[in-house]
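K.L.:
I would like the atomic coordinates for the input below:
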Amino acid sequence: MQSFHSTGVKPSQQPPVNRVTQIYTGRGETGGPFADSQDRGNQVNVQSGKHSEFREESCQLAWHYTTGTNFFKIVETGFLLTTDAGIGPHEIPVLWFSRNQVWEPTSRKAVINSDGTLKKLTKRETFELGKGLVRFGFPEALLVPWKNLPKQAQISYTNARALETRGHAQGANPADWMGNLSKIPINELVIEVMEESSWVRI
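P.N.:
Okay, here's the model as predicted:
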């Protein structure tokens, strides 16, 4: 697997232009809760996890998985933001995290092909199209677990079950999902990038 560095993004092979017209950012039929996260620059130096508890091995982190392209956008804003894409009229936007310590399957992006069909990318394709993979860590103890999240975010029973069904279809475990109902400054998060096949803290 190619490498993504905090000091720059190495060129990566893009899917043929005639196959892809745009990245799909809605939940749709292929989406999970993470599919539409922070798809909203310039390179900026960041400091990962300023609080001492992030450096303690006993602190269990959950992760917000995203791409290298989105990473620069996130750094520009200075925050991980909640997402309101595809939610119901009375739902509260959520900032999504996963307990999965390797990769959250619903973080894979989807693309709209030139013929209008939707294709869910593999992890490798998401890496290549997104110019790398990045994840932001935050203590699980400060997040809302999935079993409590629908009530707190006012997600309807129907929408919650639909998210679970789509997640299962992509190999995800909804029990891994966690959320926060407000934005989080990036200097309160641990940041790791995918190097070869391992996550490396920056």
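
K.L.:
could you pull out the strands for this structure?
P.N.:
Ranges of strands in the chain, per DSSP state E, are 4-5, 8-9, 20-24, 61-67, 79-80, 95-98, 110-113, 118-120, 133-139, 144-145, 177-180, 184-185, 190-195, 198-201.

K.L.:
Counting residues, which helix of this protein comes out longest?
P.N.:
Scanning the chain for the longest helix, with DSSP state H as the assignment, gives helix 157-169.

K.L.:
quick one: average pLDDT of it?
P.N.:
The pLDDT scores in helix 157-169 average 96.

K.L.:
Start the count at 106 instead of 1 going forward.
P.N.:
Right, with 106 as the first residue, what we last looked at is helix 262-274.

K.L.:
Does that helix pack against any helices or strands, and if so which?
P.N.:
Other helices and strands packing on helix 262-274, by 3 or more CB pairs under 8 Å, 6 or more residues apart in numbering; DSSP states H and E, are helix 254-257. For glycine as for every other residue, the C-beta is placed from the backbone atoms N, C-alpha and C.

K.L.:
Kindly spell out which helices and strands sit in contact with the helix it packs on.
P.N.:
Short answer (3+ CB pairs under 8 Å, 6+ apart): helix 254-257 packs on helix 262-274, strand 282-285.

K.L.:
and it, how far out from the chain's middle?
P.N.:
Taking CA atoms, centre = their mean, to the nearest Å, one finds the center of helix 254-257 at 19 Å from the center of the full chain.

K.L.:
circling back: what is the distance between the longest helix of the chain and the centre of its chain?
P.N.:
17 Å.

K.L.:
So for that helix, what gets flagged as buried?
P.N.:
By neighbour count on 16 or more other CB atoms under 10 Å, the buried set for helix 262-274 is Asn264, Ala265, Ala267, Leu268, Glu269, Arg271, Gly272.

K.L.:
what's the closest of the helices and strands packed on helix 254-257 to Ile291?
P.N.:
Set against Ile291 and scored by CB to CB, the helices and strands packed on helix 254-257 come closest in strand 282-285, at 13.3 Å.

K.L.:
In space, what's closest to Gln165 - neighbours in sequence excluded?
P.N.:
Glu245 (4.9 Å; CB to CB, 6 or more residues apart in numbering).

K.L.:
same thing with His273?
P.N.:
Nearest one to His273, counting by CB to CB, 6+ apart, is Pro279 at 7.3 Å.

K.L.:
tally of neighbours for that neighbour?
P.N.:
Close neighbours of Pro279, defined as other CB atoms under 10 Å, add up to 20.
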